[in-house]
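Visitor: okay, here's the prediction I keep looking at, along with the sequence it came from:
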Amino acid sequence: MSLDKSMMPVPDGHPDVFDREWPLRVGDIDRTGRLRLDAACRHIQDIGQDQLREMGFEETHPLWIVRRTMLDLLRPIEFQDMLRCRRWCSGTSNRWCEMRVRVDGRKGGLIESEAFWININRETQMPSRISDDFLEGLHKTTSVDRLRWKGYLKPGSRDDAAEIHEFPIRVTDIDLFDHVNNSVYWSVIEDYLASHVDLMREPLRITIEHEAPVALGDKLEIISHIHPAGSTEQFGAALADRPVRTLTYAVGDEIKAVASLFNL
């Protein structure tokens, strides 16, 4: 598996696919009316919490940390549309799982995503075993029960960076774990896309892998690189024919996350 992996298709009509709809709100869109990626990430988190509650495990498994999110922006979802969010499990181990979310707009917009979630113990703040009855429910949509973590991305160096800039952290970016919420990392992506609008002309895959938390008061810097076509086989054999851009989220010498962007 690598950045060019194929995501599991939605098992349409399966009774254990969690399926919800809600309207696209003004606070979710950019100045053109497109659903922003940071807002899409919040919707992905929200349907996860809703499914957890519906399955009856919100009290016993309340805390989860995302290790990686892969998102395909296939067709933009636009203002005044309705969002249909479907969520299901595509792989498990005894402490983590991969969850797929498909977000459809009624007007044809489409976002596909897959996230690697780790169950966290409330007291120790460490990975914790998922209960057998919870796993039984997750397995209804997947036969993968030996899911292993494999990182796809490596941080970029400051020495050969195309650009380095600071991303200020606000108090409103901090979540229950006392660090920057996952969705804020996607605000960085939105900032990058605003300066590289050519990437939005074709379907786009963005992946973020989290290495360490960012805290309030940290000086977060974004180190960007552009890897030209012919030098990108490291990201996956099928990607050698196209450029891949990476963003390294760093606080001093400590790497906090790495993102990649490329057109599909």
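Guide: Structure's in. What do you need?
Visitor: go ahead and confirm V251 touches V214.
Guide: Yes - counting by Cβ atoms under 8 Å, V251 does reach V214; the two are 6.5 Å apart. Quick note: C-beta positions are derived from backbone N, CA and C, even for glycine.
Visitor: need the longest helix for the protein.
Guide: helix 37-55 (DSSP state H).
Visitor: ok, then the element right after it?
Guide: Heading C-terminal from helix 37-55, the first helix or strand you meet, by DSSP states H and E, is strand 64-75.
Visitor: what are the buried residues along whatever helix or strand comes next after that following strand?
Guide: Next in sequence after strand 64-75, counting helices and strands by DSSP H and E, comes strand 82-92. Residues 83, 85-92 are the ones in strand 82-92 that count as buried (16 or more other Cβ atoms under 10 Å).
Visitor: mind giving me the packing neighbours of strand 82-92?
Guide: Counting contacts by 3 or more Cβ pairs under 8 Å, 6 or more residues apart in numbering; DSSP states H and E, strand 82-92 is packed against strand 18-23, helix 37-55, strand 96-105, helix 132-138.
Visitor: and K150, what does it touch?
Guide: Listed by Cβ atoms under 8 Å, 6 or more residues apart in numbering, the contact partners of K150 are M1.
Visitor: measure it to H225 for me?
Guide: 21 Å (Cβ to Cβ, to the nearest Å).
Visitor: one more: M82?
Guide: Counting by Cβ to Cβ, the separation of M82 from H225 is 38 Å.
Visitor: and for M8?
Guide: 30 Å.
Visitor: residue nearest the centroid of this structure?
Guide: Centroid-nearest residue in the chain, with Cα atoms, centre = their mean: T69, separated by 2.5 Å.
Visitor: list the contacts of it.
Guide: 41, 44, 113-116, 182, 207-208.
Visitor: over to W64?
Guide: Counting by Cβ under 8 Å, 6+ apart, W64 makes contact with 48, 117-120.
Visitor: which ones among the residues you listed map onto helices?
Guide: Using DSSP H, those in helices are G48.
Visitor: are any of the contacts of W64 buried, and which?
Guide: Taking 16+ other Cβ under 10 Å as the criterion, what is buried in those is 48, 117-120.
Visitor: between those, which sits nearest A229?
Guide: Nearest to A229 out of the buried ones among the contacts of W64 is W117 (Cβ to Cβ; 33.0 Å).
Visitor: leaving out chain neighbours, which residue sits closest to that closest one?
Guide: Nearest residue to W117, sequence neighbours excluded (Cβ to Cβ, 6 or more residues apart in numbering): W64, at 4.8 Å.
Visitor: go on, L204?
Guide: Nearest residue to L204, sequence neighbours excluded (Cβ to Cβ, 6+ apart): L73, at 4.7 Å.
Visitor: and for the one you found, the neighbour number?
Guide: Other residues lying near L73 total 26 when counted by other Cβ atoms under 10 Å.
Visitor: beta partners for it?
Guide: I111, L204 (DSSP bridges).
Visitor: give me the below-cutoff pLDDT ranges for this structure.
Guide: Across the chain, nothing is flagged by pLDDT under 70.
Visitor: would you map out the domains in it?
Guide: Using automatic domain parsing, the domain ranges for the chain come out as 18-141, 163-263.
Visitor: how much space between L71 and W186?
Guide: For L71, the distance to W186 - Cβ to Cβ - is 8 Å.
Visitor: need the overlap of contacts for these two.
Guide: Taking Cβ under 8 Å, 6+ apart as the contact rule, L71 and W186 both touch 37, 40-41, 206.
Visitor: save these as JSON lines, and put in distance to V258 and neighbour count too.
Guide: Below are the shared contacts of L71 and W186 laid out as JSON lines (distance: Cβ to Cβ, whole Å; neighbours: other Cβ atoms under 10 Å):
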{"residue": "L37", "distance to V258": "16", "neighbour count": "24"}
{"residue": "A40", "distance to V258": "20", "neighbour count": "24"}
{"residue": "C41", "distance to V258": "16", "neighbour count": "26"}
{"residue": "I206", "distance to V258": "12", "neighbour count": "22"}
